[in-house]
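In: Let me see the structure of the following:
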Amino acid sequence: MSNASHVLRVEGGSPVDLDSHLAQLSWARLVRGDAGLHLECAIADAERAVALLARAGARGILVARAPDVARDLVPAIMSDLGPVTLPGALDSVTLRPLDLGEATARLMRRPRSILRPRRDDGRIRALLRAEDRVVAWRRVLWARPSVLRSRAPRGARPVVFDHGAVEHATERYTLVRAGEVGRWVRG
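Out: Next up is the predicted model:
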C-alpha cells in the first residue's frame, strides 16, 4: 500500500456481495467506528471503488481522511473477522486480493487453513475457473486498554510494546464466496 490514497465514507444499508467487489481493487482498507464506515484505496482505484460500492448497494462519498485513532486507544491484532462493536473503538481491516498463482499456492500449502473441512470441496477448481478469489486480510482493533483488559473481544491480542507489529501482522486468508468481509461490515 502506498501513501497515495483516497478515502470514501460508505453510506447505505448493508452492501450485498461486498467481498467480490472489493477483491477487484488493488488494495483496500476498511475502517469502522463511531463515525461510520470508511474505505481507503489507491488513488487509481478511487473512481472504480465508487462504482463497485454502488453495485454492492452502498454509496461512496469522497472525504478528506479516515477517522483518526484517539491517543488513548491501544491496538489489538484480531485473529478473525467476527463482528465487534465497542463504543469509541476503531476496527480496521486491510485487504489485498491474491493473484491466481499465490492463491493456489496458499490453498495447497499445509495445513490447509483456508480449506475447511480438510478436503478441497472444489475450491481450487473454482479459483482456476475464476468463480472465486482469495483475499489476504489483516485486522486491527483500536480500543481503550481497560476494555481490552476487562472483556477482551474474542481473538484480540493487544500490542503492548512493538507497535510496528500492527503493520507487520501475519496475513490471514479468506475466500470471496465465504462473504466474511461483508459480515464484518454489517457488524
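
In: how about the CA coordinates for the helix or strand harbouring Ala105, as CSV?
Out: Element membership for Ala105 (DSSP states H and E) is helix 100-108. Extracted in CSV, the C-alpha atoms of helix 100-108 (Å, rounded to 0.1, in the frame of the first residue of the first chain):
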residue,chain,number,x,y,z
LEU,A,100,-4.1,-16.9,-9.1
GLY,A,101,-0.6,-18.3,-8.6
GLU,A,102,-0.3,-17.0,-5.0
ALA,A,103,-3.9,-18.0,-4.2
THR,A,104,-3.4,-21.6,-5.5
ALA,A,105,-0.1,-21.9,-3.5
ARG,A,106,-1.9,-20.7,-0.3
LEU,A,107,-4.7,-23.2,-0.8
MET,A,108,-2.3,-26.1,-1.5
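
In: Remind me what that helix packs against, helices and strands.
Out: Here helix 100-108 touches helix 123-128, strand 134-143, going by 3 or more C-beta pairs under 8 Å, 6 or more residues apart in numbering; DSSP states H and E. No exception for glycine: its C-beta is placed from N, CA and C like everyone else's.

In: Where among the ones you listed is average confidence lowest?
Out: Across the helices and strands packed on helix 100-108, helix 123-128 has the smallest mean pLDDT, namely a mean of 74.

In: what's the spacing between that one and its chain's center?
Out: Centroid displacement of helix 123-128 relative to its chain, using C-alpha atoms, centre = their mean, to the nearest Å, is 22 Å.
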